[in-house]
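A.B. asks: with the sequence up front, the predicted model follows.
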Protein chains: 2
Amino acid sequence: MPERADAARNRRAVLDATERLLAEGGGDHVSLDRVAALAGVGKGTVFRRFGSRAGLLQALLEERSRELREAVAEGPPPLGPGAPVRERLLAFLDGLGAIAERNAVLFAAHEQACAEDKYADPSYRFWHAHLAGLIAAGRPDADADFLAHALLATFDGDLVRHVTTPEDPRHFTRSVQRLALAVLGSD
Amino acid sequence: MPERADAARNRRAVLDATERLLAEGGGDHVSLDRVAALAGVGKGTVFRRFGSRAGLLQALLEERSRELREAVAEGPPPLGPGAPVRERLLAFLDGLGAIAERNAVLFAAHEQACAEDKYADPSYRFWHAHLAGLIAAGRPDADADFLAHALLATFDGDLVRHVTTPEDPRHFTRSVQRLALAVLGSD
DNA sequence: GAAGTAAGCGGACTGTCAGTCCGGTTGGTC
DNA sequence: GACCAACCGGACTGACAGTCCGCTTACTTC
């Protein structure tokens, strides 16, 4: 059974309102009262739809990264399967880095809201599994699981914001790519 | 003018109470109401002394890491000045890793409370400056500033908890050390 | 197009928290 | 022992996440 028309409309309105609040005032400016008011819906609607504050941010994040996820899973190389490990890793970090740079505030708010459940988050698990797979393929002797966590830890929203400037908006991505190459080793 | 006797007593009681609450119930179990109640003081006392929730956790963290900070700044090698970069880096990560492994819950709670001010925190700035200095000395061509942030990002309390098991309590530290060596390069 | 119904809706309500404030108390000093 | 500045406690505020339930409405069926 498809979503009812008013439900779909409200879903969109809530996501848009969240986005606007994030843009205009930082992560803790986004209270669910405010989101509901700006979206023109009741608070109950926000919770029925998204479950919690974390769920709302997660949904927004999922929307921003769906394209990358699909490209990684079944798109053409170098993002998708088939390219050499090194190219695929760089392409992936380029994609995820771009999302992080454009959505650093959202990343930060999401981390804050998820707290310790971060490692259970389906998006996180997907990125981690992909990274760990690439690292394991490139360096079978390494602790791919930990290294994947370490690389993802650099995507901390506050760190991204801290190193990103208007003059050099891709600085973060390039830095992470260099780090990843170092991890993979030069052989 | 030294601290008044009752003030010093209360300060100790509050820190101890915070520690006990952290141990028994995770980071969000530690509300300042509870801390005050368990310490047997009023809530106002906690705030006058520590300023905020973040300040309280910061003070506890500072207490746990003072020894390492002093050893790094002016102790004997390999922690203190004088040892070769590589040894000094490994010794430092060994020390900080040990603290993180023993205080993962505190680390996580502190990060949560600091939120975006994390990079202004004096402890963080000290560790970062030290790491960046070592990396710059070992690899003048690298982006030491970013790499230091990246290494410190792995000290995320939840990540430490996630990879630390009773069977292998130093797993985290060894992993970070290997990562640091990779960053420094094998030349 | 009318009637039935389940899904959806809103916003008042609850419990909890960080942080403030101020009248009363007490440790240190002379 | 008397004075006072520093300190104390806990009631108070404002804001928040999350719940609940009586009302409304979009779709279905005939």
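C.D. replies: Structure's in. What do you need?
A.B. asks: in a strand, residue A:155, correct?
C.D. replies: No: read with DSSP: H, G, I helix; E, B strand; the rest coil, residue A:155 is coil and lies in no strand.
A.B. asks: what's around it, how many residues?
C.D. replies: The tally of other residues near residue A:155 (other Cβ atoms under 10 Å in any protein chain shown) stands at 22. Glycine gets a C-beta too; all of them are placed from N, C-alpha and C.
A.B. asks: spit out the contact partners of the residue lying closest to residue A:109 once chain neighbours are set aside.
C.D. replies: The shortest distance from residue A:109 to any residue other than its chain neighbours is 3.4 Å, reached at residue A:27 (Cβ to Cβ, 6 or more residues apart in numbering or on different chains). Taking Cβ atoms under 8 Å, 6 or more residues apart in numbering or on different chains, we find residue A:27 in contact with A:105-106, A:108-109, A:112, A:157, B:115-116.
A.B. asks: 10 Å instead?
C.D. replies: A:21, A:57, A:104-113, A:157-158, B:115-116 (Cβ atoms under 10 Å, 6 or more residues apart in numbering or on different chains).
A.B. asks: host element of the residue positioned nearest the centre of chain A?
C.D. replies: The residue lying closest to the centre of chain A (Cα atoms, centre = their mean) is residue A:61, at 5.5 Å. For residue A:61, the element it lies in under DSSP states H and E is helix A:53-74.
A.B. asks: what pLDDT does residue A:117 get?
C.D. replies: Predicted confidence (pLDDT) for residue A:117: 83.
A.B. asks: state the distance from the closest residue to it other than its chain neighbours to residue B:186.
C.D. replies: Using Cβ to Cβ, 6+ apart and skipping residues adjacent in sequence, the residue nearest residue A:117 is residue A:54, 7.1 Å away. Counting by Cβ to Cβ, to the nearest Å, the separation of residue A:54 from residue B:186 is 41 Å.
A.B. asks: more neighbours: which of the two?
C.D. replies: Per other Cβ under 10 Å, whichever of residue A:54 and residue B:186 has more neighbours is residue A:54, with 19 against 9.
A.B. asks: residues in contact with the more buried one?
C.D. replies: A:109-115, A:117-118, A:121.
A.B. asks: what pLDDT is listed against residue A:173?
C.D. replies: pLDDT, read off for residue A:173, is 98.
A.B. asks: how about it: what's its closest non-neighbour residue?
C.D. replies: Nearest non-adjacent residue to residue A:173, counting by Cβ to Cβ, 6+ apart: residue A:97, 3.1 Å away.
A.B. asks: helix or strand for that neighbour, which one?
C.D. replies: Applying DSSP H and E, one finds residue A:97 within helix A:85-102.
A.B. asks: how far does that helix sit from its chain's centre?
C.D. replies: 11 Å (Cα atoms, centre = their mean, to the nearest Å).
A.B. asks: same check, this time on stretch A:170-187
C.D. replies: Taking Cα atoms, centre = their mean, one finds stretch A:170-187 lying 19 Å from the centre of the chain it belongs to.
A.B. asks: buried sites along it?
C.D. replies: Across stretch A:170-187, burial judged by 16 or more other Cβ atoms under 10 Å in any protein chain shown covers A:171-173, A:175-184.
A.B. asks: output that stretch as PDB, nothing but the C-alphas.
C.D. replies: Extracted as PDB, the C-alpha positions of stretch A:170-187 are listed here (Å, rounded to 0.1, in the frame of the first residue of the first chain):
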ATOM      1  CA  ARG A 170      37.900  20.200  -1.600                       C
ATOM      2  CA  HIS A 171      40.800  20.300   0.900                       C
ATOM      3  CA  PHE A 172      39.200  17.800   3.200                       C
ATOM      4  CA  THR A 173      38.600  15.300   0.400                       C
ATOM      5  CA  ARG A 174      42.200  15.500  -0.900                       C
ATOM      6  CA  SER A 175      43.500  15.100   2.600                       C
ATOM      7  CA  VAL A 176      41.500  12.000   3.200                       C
ATOM      8  CA  GLN A 177      42.500  10.600  -0.100                       C
ATOM      9  CA  ARG A 178      46.200  11.100   0.700                       C
ATOM     10  CA  LEU A 179      45.600   9.400   4.100                       C
ATOM     11  CA  ALA A 180      43.900   6.500   2.400                       C
ATOM     12  CA  LEU A 181      46.800   6.000   0.000                       C
ATOM     13  CA  ALA A 182      49.200   6.000   2.900                       C
ATOM     14  CA  VAL A 183      47.100   3.400   4.600                       C
ATOM     15  CA  LEU A 184      47.100   1.300   1.500                       C
ATOM     16  CA  GLY A 185      50.900   1.500   1.300                       C
ATOM     17  CA  SER A 186      53.000   2.500  -1.700                       C
ATOM     18  CA  ASP A 187      53.700  -1.000  -3.200                       C
END
